[in-house]
Every structure is written in C-alpha cells, then in structure tokens.
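# sequence first, predicted coordinates after that:
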Amino acid sequence: MTTWRDRIRPQPQRTVSPGRRRGAAPSARKRMVLVVAVLSLISLGLVARAFDLQVVRKRFYQKQGDARFLREVPIPVSRGTIFDRNGQPLAVSTPVTSIWANPAQLLANSDRIPELAKALGGDPQQITQYLEQRSDREFVYLRRQMPPEAAQAVLDLDIPGVNGQREFKRFYPSGDVTALVLGVTNIDDHGQEGLELAYDDWLAGKPGLKRVIRDGRGHIVEDLEQVRAPKPGQNLTLSIDRGIQFLAYSELKKAVDKFNATSGSMVVIDVHTGEILAMASLPSYNPNAVDGSKPSQRRNRAVTDVVEPGSTMKAFTLAAALSSGAYTPTSPIIDTGNGHWFFHGHDIRDDDPNGLLTPTGVLTRSSNVGAAKIAMTLDTTLMYDTYRAFGFGNTTGSGFPGESSGLLKISRDWRPLEKAIMAYGYGVNVTPLQLANAYATIADNGVMHTPTFIKGDDSPGKQIISPTVAHELVSMLETVTGPNSTGANARIANYSVAGKTGTSHQAIAGGYAKNTYNSLFAGIVPASNPQLAAVVVINGTTKNGYFGGTVSAPVFSAVMGGALRLLDIPPDNIGRWYVGGPIQGNGGLVGSQAQPPAAPNDVPVHEAPVDEVPADGGTP
C-alpha cells in the first residue's frame with residue numbers, strides 16, 4: 001500500500017542515451033539513406049519501364065505510332081500517250097489534283113465547312129452530311145480531278161483535314177472524230193471502251209508506292225522511303241491516220257444528215273498490211289464529256305453492228321464461181337431475161353431487164369437474177385467455204401472489244417431459196433470491218449491479212465483465192481464504176497476505182513422495213529495497183545434516195561480521193577479518164593439491148609424473201 005511518505009520520497013532517475021531520446025528526429029545520415037533508397041527504387045522503376053517500352057514492347061508501340069503518322073501513299077503515273085501513224089497525239093494524260101479529307105478532322109472544324117463548300121462550288125449541308133455518313137473513315141474524296149490551279153486555291157485555305165492528291169486525266173484532242181475507236185477511261189484512268197480497254201495493260205503502267213510521315217493535320221512532313229518504283233504507261237502508235245479519219249467522219253456525217261439516216265460507218269484499210277487507216281461511225285460523242293452521252297452514241301458500229309450486205313456480196317459469189325473453174329469473166333452467158341426469175345415461189349428481180357449478161361456484166365449491172373442463177377450452179381460446199389474463207393461468220397481478229405462475228409448459216413442448213421438470195425446479200429450478216437477486210441483480200445491478190453489498229457503490226461497473210469481469180473475480180477469490179485453502172489458516183493479523178501454498190505431493206509422485228517434501207521459501197525483504189533480498200537455503210541436512209549450508188553458511193557469518192565493525196569499514191573488513170581468507161585474485151589457486158597443501157601440501180605428486193613432469215617433473227 002502506497003503511503004504519503006512514498007509519494008514524497010524522491011524517485012530514482014533512469015539514464016537515457018542521447019541516441020534513443022524519445023521524440024528525437026532520425027539523424028541526417030539516416031535521412032540521406034532513406035532518400036537515396038527511394039530515389040533508387042524510382043530510378044529502377046523508370047529503367048524497368050523504359051526497358052519495357054523500348055525493348056519488351058517496342059514493336060507494339062512502334063506499330064501504334066506508325067498507325068497514327070506513318071502512311072504508304074501511291075506515286076501516280078501517267079498513262080501512255082496514243083498517237084496516230086504520223087505521231088499526232090490522239091489521247092494524252094494531263095495532271096490534275098483531287099481534293100480529299102479526313103472526315104473526323106474536318107468535322108472537328110465544322111466552322112470551316114462553309115468556306116470549303118464555297119471553294120468547291122458545293123453545298124455546306126450536303127458536304128457535312130456526306131462527311132457524317134463516312135465519319136469512321138480516314139479518307140474520302142471531296143472533288144476528283146480538279147484543274148491544278150483551282151485545287152491549289154482550295155488547299156491554300158489551310159483547312160484542317162483537307163488535302164490534295166495528284167492524279168492524271170485523259171484528254172482527247174480529236175473529240176468525237178476518234179471517240180468510237182479510242183474509247184474512254186474511267187475516273188481512275190482505267191480503260192473502259194475501245195482501244196483504251198483493249199490495250200489497258202500496255203497503256204496504264206503501274207503506280208509506285210512510298211512511305212511517308214503525316215502530321216496531325218494529314219500533311220506529309222517527310223518522305224521516308226520508296227517502297228515500289230513507279231512504272232509509267234507505254235505509248236501506243238496506231239495505224240489510224242488522223243487526216244483520213246477526219247475526212248471519213250466529216251463526209252459520213254454529211255451523208256447521214258442529207259439522207260436522214262439513223263447511223264453510218266466507214267472503214268479504210270491498207271490492203272497489203274491489214275492496217276486500219278480510218279474507222280468512223282455515227283452517231284458519236286465527245287469523249288471529254290462522257291456524262292452527257294447515250295449508250296447508243298458510244299457503240300462503234302463498224303465492228304459491233306451487222307448489216308445484210310446487199311449486192312456487195314456478189315463479188316464473193318463471183319469469187320466462188322471463178323474458183324470453180326466453170327466460169328470466166330466473159331463466160332458462160334447468163335440469161336437474166338426480163339429481170340424477173342420466179343424461184344421457189346419468190347420473184348427474184350432486177351431493177352431493169354438486162355437480157356444476156358456475162359459474169360462481168362452481172363457485177364456491172366448488179367443483176368440479182370444473174371447472181372442467183374450463178375449461185376444455183378455452184379456446189380453449196382464450195383460457195384459456203386468461199387464465204388467462210390473471206391471471214392464471214394467469224395470475227396476478224398482485230399482485237400477490238402465487242403467485235404461481232406456476223407452470221408453465216410452452215411451450208412447443210414441452206415435451202416435452195418436461201419442459197420439463191422445469199423448470192424446477192426440477203427440471209428447473211430456482216431460487219432463493215434468484215435466487208436472491208438474481204439475486199440482488201442481481193443485487192444491484195446487473194447491474200448487475207450488480220451486487220452490491226454497498230455502501226456507495223458501487219459500479219460503475214462493467208463492465201464484465200466488464187467492471184468489469178470483476185471486479179472480478174474478487180475478488173476470485173478472496175479466496170480462497176482464506169483458510166484451506165486451502179487457505182488459511177490464512186491469515181492475519183494485521175495484514179496481507177498474498182499468496187500461494188502449494195503442496197504438492202506433494213507431488218508426489223510418480224511421481217512423488213514418497207515421504206516427504210518441500208519446503203520453500201522465497197523471499193524478498191526487504185527484498181528491497176530491496189531493500195532487501199534474501203535467500205536461505206538449508211539443505215540436507215542429514208543429520203544433523197546437510198547441506193548448504195550446514190551448514198552454511199554459519193555462518200556467513198558470524197559474520202560478516198562483525199563486519202564490517195566494524203567498518202568502520196570500516184571494517179572494511175574491520167575489520160576484515160578472515163579469517157580466511155582473501162583474497156584470491155586469482146587462484149588464484157590453482152591447486153592441484149594440495141595442501145596447502151598441506162599445506169600442501173602441495186603434492187604433491194606422490195607418484197608423481202610419469204611423464208612429469209614432477217615438480220616435480227618426474227619421470223620419474216
């Protein structure tokens with residue numbers, strides 16, 4: 001028990017060492033150790049983090065950085081230029097600029113959209129809506145293929161998210177004159193039609209690729225490396241002669257307008273090489289403003305459309321006849337009577353009675369009766385094989401996209417009337433290019449070349465008929481352009497012309513149009529030393545005449561007269577220009593008339609053959 005004495009008794013004091021004094025702060029040394037330890041731990045953490053970022057997960061973060069700023073962008077290349085045979089440009093590529101945007105960046109600066117819309121000539125609300133619908137993308141076009149000056153004015157506004165991209169746009173100096181041959185490219189500069197499509201791989205080249213760094217606004221700040229070198233497109237030199245092409249187009253247009261025709265085509269071929277010097281078709285369009293054209297205007301009818309060739313087919317019927325050995329240019333005599341031959345219930349008729357005619361006279365007078373009677377004496381297989389050898393029923397191999405093969409029925413399916421009317425151009429369908437190439441074959445001593453649009457790409461050729469038969473045919477066809485003949489309007493001053501007119505009713509669904517015609521002329525110049533062959537086809541003539549000699553022969557004369565001069569082909573007929581026509585040996589015409597006959601016309605068969613297959617395959 002504690003007493004009061006204990007409370008007042010002095011208590012013994014404990015000795016406390018200075019280092020362990022209660023409440024005393026740690027010494028400075030310990031504080032230093034603590035600070036160093038903490039800093040060491042922090043440094044170790046930083047080193048570990050740096051090691052993790054720069055070593056362990058380096059690739060991941062590099063990929064993330066690259067995804068934000070590193071881009072691979074194409075290096076545009078120019079499409080190859082297309083030249084005519086004389087080096088004149090027909091299709092060239094010009095530099096343009098396309099304006100593109102990053103939707104998210106541009107929408108983040110939506111107050112600049114009205115300014116942008118004004119520069120682009122657009123509506124601010126439409127641009128905003130367009131961007132909002134594509135806000136998940138990083139790249140959208142705002143305007144393609146702007147002139148460089150106009151595009152630079154947009155870029156000078158320095159609107160965030162708006163950038164430019166260099167591209168190339170196709171330009172066609174000759175416009176609608178060459179449009180249907182050349183075709184067009186799309187907005188990405190890829191061929192869509194014509195030779196632009198056929199030779200797209202050759203012309204297009206291959207864009208390059210480079211790796212760049214873009215800043216936050218999408219601008220390129222540094223080119224890092226070239227991933228793939230650009231390969232520009234290669235140039236293409238065509239066989240087309242721009243001067244002859246212009247002549248063909250302009251003369252064809254005059255005729256189509258004059259005779260109120262629906263369309264027309266002309267093909268000019270070098271007979272020794274198969275090179276196509278001109279190919280014009282109407283209607284046409286402006287390839288520099290394709291959006292305003294119709295599909296019917298963009299069809300190259302010289303290779304895609306077929307026509308019943310009418311009397312131009314008689315040359316090939318006579319080729320079969322001469323090849324058979326049973327006929328010569330002057331024998332035997334064919335009795336065409338009064339111009340009517342009732343055969344298998346059908347009246348095959350001529351425009352005028354011709355009486356007795358030689359095979360040459362059948363061509364000169366364009367006698368349907370004579371051609372049909374010759375055909376019925378020929379072996380059907382021989383006749384079919386001759387037509388087939390001249391390329392009818394097959395594509396020509398020109399390589400033009402969409403080329404038609406025409407129609408030639410297999411000989412075993414020919415009925416007698418079909419065989420007879422085929423002799424003068426009904427029941428068979430050909431393209432203008434096929435017909436031109438067939439006449440070029442006659443002109444080149446019976447050697448057929450594959451038609452080509454490329455200069456210097458001539459084929460070695462294949463012998464179709466004997467040179468003798470070919471030479472005889474040219475001489476026989478020359479009589480067609482003399483006075484009192486169907487092709488007198490095809491004559492060319494100071495040059496001899498061989499050729500054949502043709503007229504046929506235009507086929508429609510279910511038969512033939514009564515008052516709408518196809519007018520043709522196929523010819524060779526100069527006849528004494530053939531260099532060129534051409535075919536003129538004018539479809540749907542309805543007024544001012546419709547016979548091939550009236551409608552198409554003058555076009556041939558005007559175009560080929562200019563072509564002969566442009567190509568410096570010397571005249572072959574100076575001093576013997578047609579006074580009485582080409583000299584006929586021993587009655588080459590052998591007519592029964594007492595007086596020289598009046599100029600005949602091709603008879604388009606006013607009542608189409610009852611069992612003939614029309615051009616559209618319908619039932620007459």
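That came through fine.
# all contacts plus neighbour counts: C-alpha atoms, from now on.
Fine.
# where along the stretch 301-450 of the chain do the strands fall?
Using DSSP state E, counting those that start in this stretch, the strands found in the stretch 301-450 of the chain span residues 334-335, 340-343, 346-349, 356-357, 447-448.
# can you say which of those strands is nearest to G406?
Comparing the strands of the stretch 301-450 of the chain by their distance to G406 (C-alpha to C-alpha), the top pick is strand 447-448, with 17.8 Å.
# what are the pairing partners of the closest one, and which direction each?
Here strand 447-448 is paired, per DSSP bridges, with strand 462-463 (antiparallel).
# for the helix or strand following the strand it pairs with, output the C-alpha coordinates as PDB.
For strand 462-463, the following helix or strand on the C-terminal side (DSSP states H and E) is helix 467-478. In PDB, the C-alpha atoms belonging to helix 467-478 read as follows (Å, rounded to 0.1, in the frame of the first residue of the first chain):
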ATOM      1  CA  PRO A 467      -4.000 -14.400-157.500                       C
ATOM      2  CA  THR A 468      -5.500 -15.000-161.000                       C
ATOM      3  CA  VAL A 469      -9.000 -15.000-159.600                       C
ATOM      4  CA  ALA A 470      -8.300 -12.000-157.500                       C
ATOM      5  CA  HIS A 471      -6.900 -10.000-160.400                       C
ATOM      6  CA  GLU A 472      -9.900 -11.000-162.500                       C
ATOM      7  CA  LEU A 473     -12.300  -9.900-159.800                       C
ATOM      8  CA  VAL A 474     -10.600  -6.400-159.500                       C
ATOM      9  CA  SER A 475     -10.900  -6.000-163.300                       C
ATOM     10  CA  MET A 476     -14.600  -7.000-163.200                       C
ATOM     11  CA  LEU A 477     -15.300  -4.700-160.200                       C
ATOM     12  CA  GLU A 478     -13.700  -1.800-162.100                       C
END
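# give the buried residues for the very next helix or strand once past helix 467-478.
From helix 467-478 onward toward the C-terminus, using DSSP H and E, the following helix or strand is strand 498-508. For strand 498-508, burial by neighbour count (16 or more other C-alpha atoms under 10 Å) applies to A498, G499, K500, T501, G502, T503, S504, H505, Q506, A507, I508.
# before we move on, what about stretch 332-347?
So, applying 16+ other C-alpha under 10 Å, buried residues of stretch 332-347: I333, I334, D335, T336, G337, G339, H340, W341, D347.
# any chance of the residues you listed in TSV, plus pLDDT and distance to S366?
Shown next, in TSV, are these (pLDDT from 0 to 100; distance: C-alpha to C-alpha, whole Å):
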residue	pLDDT	distance to S366
I333	94	15
I334	94	13
D335	94	14
T336	94	11
G337	92	14
G339	91	11
H340	93	14
W341	93	15
D347	93	16
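# any idea which of those residues is closest to F556?
For the buried residues of stretch 332-347, the nearest to F556 is G339 (28.6 Å; C-alpha to C-alpha).
# residue contacts, the closest one?
For G339, the contacting residues are R349, D350, D351, D352, P353, N354, G355, V369, by C-alpha atoms under 8 Å, 6 or more residues apart in numbering.
# quick one, domains of the protein?
According to automatic domain parsing, the chain comprises the domains 72-237, 242-284+299-566.
# quick one, which of those domains is packed in tightest?
Highest mean neighbour count among the domains of the chain (mean count of other C-alpha atoms under 10 Å): domain 242-284+299-566, with a mean of 23.
# what's the longest strand in this structure?
The longest strand of the chain (DSSP state E) is strand 511-525.
# parallel or antiparallel, list what pairs with the helix or strand just after it.
Once the chain leaves strand 511-525, the next helix or strand it forms, by DSSP H and E, is strand 532-541. Sheet pairing for strand 532-541, assigned by DSSP bridges, gives strand 263-270 (antiparallel), strand 511-525 (antiparallel).
# mean pLDDT for those: which is lowest?
Sorting the strands paired with strand 532-541 by mean pLDDT places strand 511-525 lowest, at a mean of 90.
# distance between it and the chain's centre?
Mean-position distance between strand 511-525 and its chain equals 25 Å (C-alpha atoms, centre = their mean, to the nearest Å).
# same question, stretch 231-240
For stretch 231-240, the separation from the chain centroid amounts to 14 Å (computed by C-alpha atoms, centre = their mean).
# for that stretch, measure first residue to last.
Terminal residues of stretch 231-240 are spaced 27 Å apart (C-alpha to C-alpha, to the nearest Å).
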